[in-house]
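Q: Kindly return the folded structure for what I paste below:
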Amino acid sequence: MTAAADARTAGAADGARAAALDPGYWAGAEAAGLAVHHGGRRLVVGSSTHGLTGETGLLVEYADPPAFTDGTLEAVLAARIAARPATARVEVRTPAGTFLPAPWRRSVTYVRRSGPPAAPVLPAGLRIVPAGEEHRAPVHAWMARAVREGAADQGLHGAEDAVAAAVGEVLADPSRSGWVALLDGAAVGHAVLLGGQADEVTGAVRAELWDVLVEPETPHAGVCRDALVAAAAGHAHRLGLPLLGHVVHHAGEGESRVLASLLAKGWHTDHAYWSAAPAELSGLLPAPAPPAAPAAEPPAPRPVRTPGGLPATTSIGTPR
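A: Residues are numbered from 1 along each chain as shown. Predicted structure coming up:
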């Protein structure tokens, strides 16, 4: 079997694991009062709070695939929005290959790759080294910038104390690894990897590429970025884990050239998040059916990872 075939086989196997619902997740959702049964479909619906802005909304973190096309999603959301008129935003997680119609906008796409990386040939003067204490200042500044710019890509703004808290959470993660790109001795970019991150819905364990950033004016910026990703991918491969990254979609953008480029380089779509304001959905959602009895407010959900609450929302493969 060729290396390419090995990679395809590994990608297909990881994709199957990525699509499977973790029974423990569903049991936890039922225990928390977040599990919904509607028309024979299962959904997990709860409240979400944006990690930077504090904006509250609804999150459909899981739905059986047929629910996206048979009207189940719309019926459930219509009832929930009617019960919570103050909802500012609605977010839906979809598996790979599922696309929602307008006015839904894809906000974040998660991508994954398996197997050993192909490291690029570095030009003279460019080195990729493990991040050390001597790189602390630029690395912290880049991480904060990633959080700010990732939020700005979606038209959001977070307070600086929230930005600092998001960065601090990642810095405190014991699984964190980092690399710095040095061009003629000057730091021009970095990558941050978190090891052993379990997907809450599927239970699949991956190493997550939290951020990769190269200063846009850097010579050979594309090669530098690829080398940083290769360093992270190599570490993930040594851990025996596939690599997970994410692409943030700018508000109002159509097809993402960044995502298309990554897919052409051997990445695979893992899952995506879509968002819309309740007012935008008014023409898509049916009128909610009157409840048979007064419905109690569901218990507060456990913290969930929503696109707006990610510690960084920077497009991997995009120099800033």
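
Q: okay, CA-based contacts and neighbour counts for the rest of this
A: Fine.

Q: Take stretch 219-235, keep the C-alpha atoms, and write them as PDB.
A: Written as PDB, here are the backbone C-alpha positions of stretch 219-235 (Å, rounded to 0.1, in the frame of the first residue of the first chain):
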ATOM      1  CA  PRO A 219       9.800  36.900   3.200                       C
ATOM      2  CA  HIS A 220       8.700  33.300   2.300                       C
ATOM      3  CA  ALA A 221       5.700  33.700   4.600                       C
ATOM      4  CA  GLY A 222       3.900  30.800   3.000                       C
ATOM      5  CA  VAL A 223       6.800  28.400   3.400                       C
ATOM      6  CA  CYS A 224       7.300  29.600   7.000                       C
ATOM      7  CA  ARG A 225       3.600  28.900   7.800                       C
ATOM      8  CA  ASP A 226       3.800  25.500   6.200                       C
ATOM      9  CA  ALA A 227       6.900  24.700   8.200                       C
ATOM     10  CA  LEU A 228       5.200  25.700  11.500                       C
ATOM     11  CA  VAL A 229       2.200  23.500  10.600                       C
ATOM     12  CA  ALA A 230       4.500  20.600   9.800                       C
ATOM     13  CA  ALA A 231       6.200  21.000  13.200                       C
ATOM     14  CA  ALA A 232       2.900  20.800  14.900                       C
ATOM     15  CA  ALA A 233       1.700  17.900  12.700                       C
ATOM     16  CA  GLY A 234       4.900  16.000  13.400                       C
ATOM     17  CA  HIS A 235       4.400  16.300  17.100                       C
END
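
Q: For this structure, which segments count as helices?
A: Along the chain, counting by DSSP state H, helices occupy 3-19, 23-31, 72-83, 136-153, 160-171, 221-238, 257-264.

Q: Now find how far off-centre the fifth one is within its chain.
A: Okay, so that is helix 160-171. 17 Å (Cα atoms, centre = their mean, to the nearest Å).

Q: Same check on the shortest one?
A: Computed by Cα atoms, centre = their mean, the separation of helix 257-264 from the middle of its chain amounts to 16 Å.

Q: next one: the third one
A: Mean C-alpha position of helix 72-83 versus that of the full chain (Cα atoms, centre = their mean) differs by 24 Å.

Q: Which secondary structure elements does it sit against?
A: If contacts are counted by 3 or more Cα pairs under 8 Å, 6 or more residues apart in numbering; DSSP states H and E, helix 72-83 sits against no helix or strand.

Q: List the buried residues for that helix?
A: For helix 72-83, a neighbour-count test (16 or more other Cα atoms under 10 Å) marks 72, 73, 74, 75, 76, 77, 78, 79, 80, 81 as buried.
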